[in-house]
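Student: Sequence first, then the predicted structure, then my questions.
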Amino acid sequence: MILDRRTLLTGLAASALVGALPGRVAAAETLNVVATTGMIGDAARAIGGDAISLSTLMGPGVDPHSYRQTRTDIVALSRADVVLWNGLYLEAQMEDFLLRLGAQKPVVPVAEALPDTELLRHADYEGRADPHIWMVPDLWQHAVGEVRDTLMAARPDAADSFASAADAYLADLAAVGDYARATLAQVPEDARVLVTAHDAFGYFGRAYGFEVMGIQGISTESEAGLQRIGALVDTLVNRRIKAVFVESSVSDRNIRALIEGAAAQGHEVVVGGELFSDAMGVPGTYEGTYVGMIDHNATVIARALGADVAPRGMTGKLSAGL
């Protein structure tokens, strides 16, 4: 059961923190933090600043559902003072290792701070909740709060600084959330159908009023059968859906099959753009930040589905050519 597992994880993290109390990082020492995904790393960097040394395991284009820890990762994780991971079975291939590591140090599944009542569940993902909560800033703020609290517990001498930085970061999340809501509301209602490579946009659809269709399930480890692709082709044709979307961390093979299948029935479908689903953009770019990721997705989706939206996004920072 999810609740039982959450209780277990909370207990492990608490035990690790209590056990680490005598050896907490001393004042003015840098806290060694490892984050699994870019979205978590972005929050940790914004909150921790110069007080932490941050490593992120999964970069742009990396699929966390299938990612397995390397020897280098194991060394980094073993040396870390704090490990931040998403949880909710996102890092499926790493979960056993992370749970064992959690008996030794703070290893915190930050997305599991989301209230259980807010989680989405699917019949084909038995016993699990949808892990993609970062797709909606209003939900992701719970994970950010967990990052803040974990860093504060590990470095109480820097707690005030972490709290202030977290407040500023959460304000940025609120701003991009407002932008996404206003921008996506401009898409004509009959065009609010989002077809993507895998079902990563469930929370997005619920929050912004879109019907979401993924070729694969919540995890990219699930198989996309010919029957599923055929059914989606029929949907594209019958409902005259004109755009589908590829994802930066998932092969576009199945999306291309949809386009070709629709073309065979005389219906033209185009790629509306590339979305950031399970990974952000290239580090050092605007799209390589959480705010930039959400700005990009909202802008690309809205423009492809018929909204009159500025191509450079919320504050004109998006790359040209969207």
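Tutor: Looks like it came in fine.

Student: How about residue 233: what's its closest non-neighbour residue?
Tutor: Closest residue to residue 233 apart from its sequence neighbours, by C-beta to C-beta, 6 or more residues apart in numbering: residue 261 at 3.6 Å. Every C-beta, even on glycine, is put in place using the N, C-alpha and C of the backbone.

Student: oh, I was asking about residue 205
Tutor: Using C-beta to C-beta, 6+ apart, the nearest residue to residue 205 is residue 212, at 3.8 Å.

Student: what about the one you found, neighbour count?
Tutor: For residue 212, the neighbour count with other C-beta atoms under 10 Å is 19.

Student: Could you pull out the buried residues of the strand or helix carrying it?
Tutor: Element membership for residue 212 (DSSP states H and E) is strand 211-216. Judged by neighbour count using 16 or more other C-beta atoms under 10 Å, the buried positions of strand 211-216 are 212, 213, 214, 215, 216.

Student: cool, stretch 64-79 as well?
Tutor: Neighbour-count burial for stretch 64-79, with 16+ other C-beta under 10 Å as criterion, is recorded at 64, 65, 67, 69, 73, 76, 77.

Student: What ranges does this protein have for its helices?
Tutor: Taking DSSP state H, the helices of the chain run over residues 2-20, 38-48, 71-79, 95-101, 137-154, 159-184, 202-208, 226-238, 253-264, 290-304.

Student: Just name the most buried of the ones you listed.
Tutor: Among those, helix 38-48 has the highest mean neighbour count (mean count of other C-beta atoms under 10 Å), at a mean of 26.

Student: So, low pLDDT: which residues of the stretch 1-150 of the chain?
Tutor: Within the stretch 1-150 of the chain, the stretches with pLDDT under 70 are 1-28, 124.

Student: next one: the strand holding residue 212 to chain centre, how far?
Tutor: Relative to the chain's own centre, strand 211-216 is displaced by 16 Å; criterion: C-alpha atoms, centre = their mean, to the nearest Å.

Student: Would you mind writing the CA trace of it as PDB?
Tutor: Provided in PDB are the C-alpha atoms of strand 211-216 (Å, rounded to 0.1, in the frame of the first residue of the first chain):
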ATOM      1  CA  GLU A 211      -7.600  15.300 -22.500                       C
ATOM      2  CA  VAL A 212      -4.200  13.400 -22.500                       C
ATOM      3  CA  MET A 213      -3.400  10.400 -24.600                       C
ATOM      4  CA  GLY A 214       0.000   8.700 -24.100                       C
ATOM      5  CA  ILE A 215       1.100   5.900 -26.400                       C
ATOM      6  CA  GLN A 216       2.900   4.100 -23.600                       C
END
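
Student: can you pull the contacts of the closest residue to residue 290 other than its chain neighbours?
Tutor: With C-beta to C-beta, 6+ apart as the criterion, residue 290 has its nearest non-adjacent residue at 4.4 Å, and that residue is residue 42. By C-beta atoms under 8 Å, 6 or more residues apart in numbering, residue 42 lies in contact with 280, 289, 290.

Student: again, but for residue 79
Tutor: Listed by C-beta under 8 Å, 6+ apart, the contact set of residue 79 reads residue 32.

Student: Repeat that for the one 5 residues further on.
Tutor: Residue 84 sits next to 33, 34, 35, 36, 40, 41, 44, 108, 110, 147, 150 when contact means C-beta under 8 Å, 6+ apart.

Student: residue with max distance from the center of the chain?
Tutor: residue 266 (35.8 Å; C-alpha atoms, centre = their mean).

Student: Quick check: the gap between the residue nearest to residue 31 when sequence neighbours are not counted and residue 107.
Tutor: Spatial nearest neighbour of residue 31, excluding adjacent residues (C-beta to C-beta, 6+ apart): residue 52 at 4.5 Å. With distances taken as C-beta to C-beta, to the nearest Å, residue 52 is found 16 Å from residue 107.

Student: of those two, who's got more company?
Tutor: It is residue 107, of residue 52 and residue 107, that has more neighbours when counted by other C-beta under 10 Å, with 25 against 21.
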